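# Just need the structure, nothing else, for what follows:
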Amino acid sequence: MKLTTRANREAGNSENRIKEQKRQGGTIMATAIEISWIGALIGLALAIILILLKLAPTYSLILGAIVGAFIGGADFAEAVGILISGTQSVMGTVVRIIAAGVFAGVMMESGAAETIAKVIVDKLGGTKAMLSLALATMIITAVGVFIPVAVLIVAPIALSVGHKMGYSKVAMLVALSGGGKAGNIISPNPNTIAAAGGFKLDVNQVMIGGLVPALFGVAVAVILASVMKYKGTKVTDAEVAELEKANAAQLPALSKALVAPLIAIVLLMISPIGSMLGIDALASLKIDSLFILPFAGIIGTLALGKRTKILDYCGAGLNRMTPTILIIIGAGAIGGLITASTLPAQVVALVESSGISGTFLAPIAGVLMAAATASTSTGVILATGSFSHAILNTGVAPLSAAVMTHAGATVIDHLPHGTYFHVTRGAMNMSMKDRMKVALYESMVGLTMTIVAVVLYGFMI
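The predicted model follows:
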């Protein structure tokens, strides 16, 4: 009875949503249309297949949404209304990611992130190399550098250390990638912004929520890398000679490099810390990342003495964000299709009838969508855009849903049909065979974070 009632209620909600979508899309129709779950599922499956076939993700997602709408029973005008409504729903996330581009551009292009990484590795020394490499990648990812770029930054340092200590490339990439994954779920990067936006949360809430899973993830990465540090292909003398030629760039001082990330972290944490300490004045000071990240980036640029480079850094940051922004627009279209359909109700009904706790729907959605797209950001965007209503309808709290979905997206987001696999392989100059070995250990790190997130937010909090 409970199952039928919930499914019927969700179907009713779906009908109301499609009416609202038609109003928002500027297309008002006399009768409401309810998209069948079969149409929505076919549309989503088609989008994923097209992505795997290397069609641009944005086109894949929009085409999947259009085909799914037609199969689900919509006419031309209704399909347009669904697409417009869906894309409108992600504009808040898009604007925040555009704003974050200023901060990302400063950290990546100024050398600040590389300075931070070098200092961490130098301070911990060769005897704790795996810990230092994992922490360096974790920290520079956590302060707003994209994980592929973080690996590219730390990889030359890793190769140099590995050559001195006789460590294998496989072990070092496990440390780098595992640390990057841990930092990614506590960063103000697009994937975190998308996880927060999908469940109507502040970015800082999701960042703090991912802290404990991230600590477990980096610990597992260090343990795995340490156990296998002498197994596999080693760094050659020729590779080190090439690195020495390339590493002639003048980097900023650490004190200057830390200005931008410290300002961002302090401002993002003011409200959560105020809430924890019971200080109302701080708790009520809710400054959105839309303002914080560009401000921190500009002040950081001035501290670095690079004020003439501000426009260059902004342009570089926006260029790095553009692919993610386009994917989000496409994901909004497919999300609009699914929200307008009975698929969320069917998913909830399936979960309840199977006897499986609805808690598991959030991480499963993250795992599957990230695996299909081989991208953490795209996986989170698709999972939240397509299944946020279904996840919340199982009774899971928004913060718990966001953290579990986010962690789940790190389990198998590194598959060969994505760019991360090949970027990291190139950064470490690895063979395909060695890179495939790393993928298994990367999944163990992501799975650890997901299990911790589910235990903590699904059953303890």
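# Let me see the contact set for the residue positioned nearest the centre of the chain.
Nearest residue to the geometric centre of the chain (C-alpha atoms, centre = their mean): Asn191, 2.5 Å. Asn191 is in contact with 184-185, 376-377, 379-381, 406, 409, counting by C-beta atoms under 8 Å, 6 or more residues apart in numbering. For glycine as for every other residue, the C-beta is placed from the backbone atoms N, C-alpha and C.
# now do Thr384
194-195, 197-199, 335, 402, 405.
# Give me the lowest-pLDDT entry from the residues you listed.
The member of the contacts of Thr384 with the lowest pLDDT is Gly335, and it reads 84.
# What's the local residue count around that one?
The tally of other residues near Gly335 (other C-beta atoms under 10 Å) stands at 30.
# Which element, helix or strand, includes it?
Using DSSP states H and E, Gly335 falls within helix 310-339.
# Can you show me the CA trace of the helix or strand following that helix as CSV?
Per DSSP H and E, the first helix or strand lying C-terminal to helix 310-339 is helix 343-354. Extracted in CSV, the C-alpha atoms of helix 343-354 (Å, rounded to 0.1, in the frame of the first residue of the first chain):
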residue,chain,number,x,y,z
LEU,A,343,10.9,7.3,-14.0
PRO,A,344,11.7,8.7,-10.6
ALA,A,345,8.5,7.1,-9.2
GLN,A,346,9.4,3.8,-10.9
VAL,A,347,12.9,3.9,-9.4
VAL,A,348,11.6,4.6,-5.9
ALA,A,349,9.0,1.8,-6.3
LEU,A,350,11.7,-0.6,-7.5
VAL,A,351,14.0,0.2,-4.6
GLU,A,352,11.2,-0.3,-2.0
SER,A,353,9.9,-3.5,-3.6
SER,A,354,13.4,-5.0,-3.7
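# and helix 343-354, how far from the chain's centre?
Its chain's C-alpha centre and that of helix 343-354 lie 26 Å apart, by C-alpha atoms, centre = their mean, to the nearest Å.
# ok and that helix relative to helix 310-339, angle-wise?
Using axes from the mean of the first three to the mean of the last three C-alpha atoms, to 10 degrees, the direction of helix 343-354 lies 70 degrees away from that of helix 310-339.
# average pLDDT across helix 343-354?
If you average the pLDDT over helix 343-354, you get 81.
# And the contacts of the helix or strand following it?
Next helix or strand after helix 343-354 toward the C-terminus (DSSP H and E): helix 361-373. By C-beta under 8 Å, 6+ apart, the residues outside helix 361-373 that reach it are 48, 51-52, 57, 347, 351, 376, 378-380, 382-383, 386-387, 390-391, 394, 396, 400-401, 404-413, 415, 418, 450, 453-454, 458.
# can you give me the mean pLDDT across helix 361-373?
The average pLDDT within helix 361-373 is 90.
# and the helix or strand that it is followed by, which residues are buried?
For helix 361-373, the succeeding helix or strand toward the C-terminus, using DSSP H and E, is helix 376-393. The neighbour-count check on helix 376-393 (16 or more other C-beta atoms under 10 Å) flags 376-393 as buried.
# Run through the strands of the stretch 51-200 of the chain in chain order.
Using DSSP state E, counting those that start in this stretch, no strands are found in the stretch 51-200 of the chain.
# now the helices for the stretch 51-200 of the chain?
57-71, 76-88, 91-109, 112-124, 129-142, 147-165, 169-184, 190-198 (DSSP state H, counting those that start in this stretch).
# Including distance to Glu34, could those helices go into a markdown table?
Output for the helices of the stretch 51-200 of the chain, formatted as a markdown table (distance: least, C-beta to C-beta, whole Å):
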| stretch | distance to Glu34 |
| --- | --- |
| helix 57-71 | 12 |
| helix 76-88 | 10 |
| helix 91-109 | 25 |
| helix 112-124 | 49 |
| helix 129-142 | 42 |
| helix 147-165 | 40 |
| helix 169-184 | 37 |
| helix 190-198 | 23 |
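# I'd like to know which of those helices lies nearest to Lys256.
helix 112-124 (7.5 Å; C-beta to C-beta).
# per-residue confidence averaged over that closest one?
Average pLDDT, helix 112-124: 89.
# nearest to Lys231, of the helices of the stretch 51-200 of the chain?
helix 169-184 (6.9 Å).
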